[in-house]
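J.: got a structure for you, letters missing:
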């Protein structure tokens, strides 16, 4: 696998979250395939295509504006490549300050395809990291 691909995918991931933090959803969309889907950590339904993602970005920025400062850290992704397909898996740790403070650790997978010489995300999947095995009551 080419280190160039790992570097490019890692820069796309960092750029997406930087765009979110800087309130520029267009910077996220620059890296998305028009038909891309999203499972977001704060949204229960599958987000499909550009129109649904634009609505999601608007709602997501609104909830963000009601919180304090956001800080986050992205662990180095694990990236595998098969021809024009790449898969990245990584952890993101985030913290919103008051008001409406919240924090957590999220595990994320991104599926990329290479189109016209550029890597585009076709699926972005987020889920909170479990904190352990639920107790068995019986």
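T.: Great, that's in hand. These numbers come from a predicted model, not from an experiment. Residues are numbered from 1 along each chain as shown.

J.: Centre-most residue in this structure?
T.: Centroid check for the chain by Cα atoms, centre = their mean gives residue 124 as the closest residue, at 5.7 Å.

J.: hang on, that residue in a helix?
T.: No: membership of residue 124 in a helix is not supported by DSSP: H, G, I helix; E, B strand; the rest coil, which gives strand.

J.: which stretches of this protein form strands?
T.: Remark: strands assigned in the chain by DSSP state E are 32-39, 47-48, 70-74, 78-82, 85-96, 102-115, 118-128.

J.: Now do the residue nearest to the centre of the chain, the pLDDT please.
T.: As predicted, residue 124 sits at a pLDDT of 98.

J.: Is it bridged to anything, and to what?
T.: Residue 124 has these beta-bridge partners by DSSP bridges: residue 38, residue 110.

J.: In contact with it, which residues?
T.: Taking Cβ atoms under 8 Å, 6 or more residues apart in numbering as the contact definition, residue 124 lies against 32, 36, 37, 38, 39, 40, 108, 109, 110. Bear in mind the C-beta positions are built from the backbone N, C-alpha and C, glycine included.
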